[in-house]
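Visitor: Sequence plus predicted model, see below.
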Amino acid sequence: MTDNLKIILTACGCPGASTLIRMLKEVPDRDITIIGTDTDEEAVGRFLVDDFYQVPHGQSDEYIPAMLSIVETEEPDVLFPESTFEVHPLAEHREKFESLGTEVVVSDPEAIQTANNKFEMYQAISEQTDVDLPEYSLVQSHEEFRAAADELGYPDEPIVFKPPVGKGSRGVRIIDPEVDRRELLLEEKPNSLYIDMEEVEQIFADKPFPELLVMEYVGGEEETADSLCLRGDELLTSFKTVEDARWGVIVRGELVERPELLTMTQKILDAIPLSYCVNLQFIDGKLIEINPRVSTFIYQRDFLQAYLAIQLALDEVSNEDVRSYRDDIDYGRRMVRYMDQVFHTDGNRLL
């Protein structure tokens, strides 16, 4: 293990980036240089990292050439992606980055593809495991949408729909006839997920109907697993409650022991052999989605899961080294997310 480490951290303006950057900078006995990238020239991480590059969107044809150019210039040890839209293209082109001497901390592209597509993920999980899932249907027309809603018990039961591939609650809506529309308008902030069937039909009346996943609405306690794994082998997993969320991002939660969810997590990873940082969302004991990337941790100074993932990719730690941290998880530790500001002129931070 060298004394110096250079990391390219993508999507450095995402909600968890500022804390991750701070925690990596505080790793003891190692000088860590962080190069940030983001599509937004004012991404908050720009003002917290050692250097910054604005890059195209992860789904753009220009993204990989731009990232290769940055790697050639910076010669980092590791490329660590934070965005759902970046992990798959980086995984597909991993060999190009490795030929330049940079390890890419991503799963295999096939596993990422399955995890990112919720319909394919549900199919794989239902065929290979006994993990509880919501009832679901993939639809491609108004008629199929209505039929799926009827099958799920609508209007007596609420339903949810979402694109099979998406992130951050984009495109997710709940249809519940019991919800008071007047109260939503006058009492709730204008970021509600609720919509009614008539609105759905109006939105797509004269436009092509998109492919959607229609699901039963699952209420109850929400918990997420933050798992560090290698080719489907679960090494270290912590669970946290999601007690409040905004914009699809956790803002309040607590580390909890969930042995039954740990068993489910290993079954899921057996079916979809992901690597490094993986986030799994459970509601009322049912698997809702998988994010094959780093997510919000409840951090501890005595071990940092994201840094362990980097060390794992660099062969600085073994699987058993990572497993040894299982007994160190500080159950009962809580987190509260808050907003902050930076001040700059022409990209140069002032305060």
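Guide: Received it, and whenever you're ready, just let me know what you need.
Visitor: any weak-confidence spans in the stretch 151-300 of the chain?
Guide: Within the stretch 151-300 of the chain, the stretches with pLDDT under 70 are 167-168, 185, 190-191.
Visitor: can you give me the helices for it?
Guide: 181-187, 197-203, 259-271 (DSSP state H, counting those that start in this stretch).
Visitor: can I get the ones you listed in a markdown table with mean neighbour count and distance to residue 170?
Guide: Quick note: C-beta positions are derived from backbone N, CA and C, even for glycine. Formatted as a markdown table, the helices of the stretch 151-300 of the chain follow (neighbours: other Cβ atoms under 10 Å; distance: least, Cβ to Cβ, whole Å):
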| stretch | mean neighbour count | distance to residue 170 |
| --- | --- | --- |
| helix 181-187 | 10 | 20 |
| helix 197-203 | 13 | 15 |
| helix 259-271 | 18 | 23 |
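Visitor: In JSON lines, list these along with distance to residue 231.
Guide: Formatted as JSON lines, these follow (distance: least, Cβ to Cβ, whole Å):
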{"stretch": "helix 181-187", "distance to residue 231": "45"}
{"stretch": "helix 197-203", "distance to residue 231": "40"}
{"stretch": "helix 259-271", "distance to residue 231": "9"}
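Visitor: for the ones you listed, which one sits closest to residue 110?
Guide: helix 259-271 (12.3 Å; Cβ to Cβ).
Visitor: Output the contacting helices and strands for the closest one.
Guide: Applying 3 or more Cβ pairs under 8 Å, 6 or more residues apart in numbering; DSSP states H and E, we find helix 259-271 packed against helix 118-128, strand 222-230, strand 233-241, strand 276-283, strand 286-291.
Visitor: I'd guessed residue 59 sits against residue 87; true?
Guide: No: counting by Cβ atoms under 8 Å, residue 59 stays clear of residue 87, with 11.5 Å between them.
Visitor: out of these two, which sits in the more crowded spot?
Guide: Taking other Cβ atoms under 10 Å, residue 59 and residue 87 do not tie; residue 87 has more neighbours (28 against 10).
Visitor: Contact partners for the more buried one?
Guide: Residues near residue 87 by Cβ atoms under 8 Å, 6 or more residues apart in numbering: 81, 106, 107, 112, 116, 292, 293.
Visitor: ok, now residue 57?
Guide: Here residue 57 is in contact with 39, 63, 85 (criterion: Cβ under 8 Å, 6+ apart).
Visitor: wait, which of those residues is closest to residue 69?
Guide: residue 63 (10.9 Å).
Visitor: can you count the residues close to the closest one?
Guide: 21.
Visitor: Chain neighbours aside, what residue packs nearest to it?
Guide: residue 56 (4.7 Å; Cβ to Cβ, 6 or more residues apart in numbering).
Visitor: Now do the contacts for residue 2.
Guide: Shown in contact with residue 2 (Cβ under 8 Å, 6+ apart): residue 77.
Visitor: State the distance from it to residue 76.
Guide: Distance, residue 2 to residue 76, by Cβ to Cβ, to the nearest Å: 13 Å.
Visitor: ditto for residue 270
Guide: Taken as Cβ to Cβ, the span from residue 270 to residue 76 is 32 Å.
Visitor: ok, now residue 134?
Guide: Per Cβ to Cβ, residue 134 is found 40 Å from residue 76.
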